[in-house]
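*Asks:* give me the fold of what follows.
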Amino acid sequence: MTGSHPVVIYPPDEDGGRRVRIDGTISGRAYSARDVAAFMQQAGLQEFDEMDVVRSDLIEWRGGGPDIWTN
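*Replies:* Here you go, the predicted structure:
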């Protein structure tokens, strides 16, 4: 992964989903920190879990942090 924040989590949409971009590519929509962890694992960070999502400096949260999942 490149850059200081290679993962961007966008603000929640009307359905509560948040777009996840990893290294410039949209990986999908997450509805929880567990979903973000799954995207991170698919990107090669096999040991990444929900607590890593909450604490990671790799992730830039837009429109609220890991506890915000509704619009």
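*Asks:* shouldn't Ile68 be in contact with Pro12?
*Replies:* Yes - with contact defined as C-beta atoms under 8 Å, Ile68 counts as touching Pro12 (6.4 Å). Backbone N, C-alpha and C define where each C-beta goes, glycine included.
*Asks:* more crowded one of these two?
*Replies:* Ranked by neighbour count (other C-beta atoms under 10 Å), Ile68 and Pro12 place Pro12 first, with 19 against 14.
*Asks:* residues contacting that one?
*Replies:* Neighbouring residues of Pro12 by C-beta atoms under 8 Å, 6 or more residues apart in numbering: 18, 63-64, 68-71.
*Asks:* and the closest residue to it other than its chain neighbours, how far is that from Arg55?
*Replies:* Leaving aside its chain neighbours, Pro12 sits nearest to Asn71 (4.7 Å; criterion: C-beta to C-beta, 6 or more residues apart in numbering). Here Asn71 is placed at a distance of 25 Å from Arg55 (C-beta to C-beta, to the nearest Å).
*Asks:* neighbour count: those two, which is higher?
*Replies:* Asn71 (13 against 10).
*Asks:* what residues are up against that one?
*Replies:* Neighbours of Asn71 in contact, by C-beta under 8 Å, 6+ apart: 11-14, 16.
*Asks:* among these, who's most crowded?
*Replies:* Pro12 (19 neighbours).
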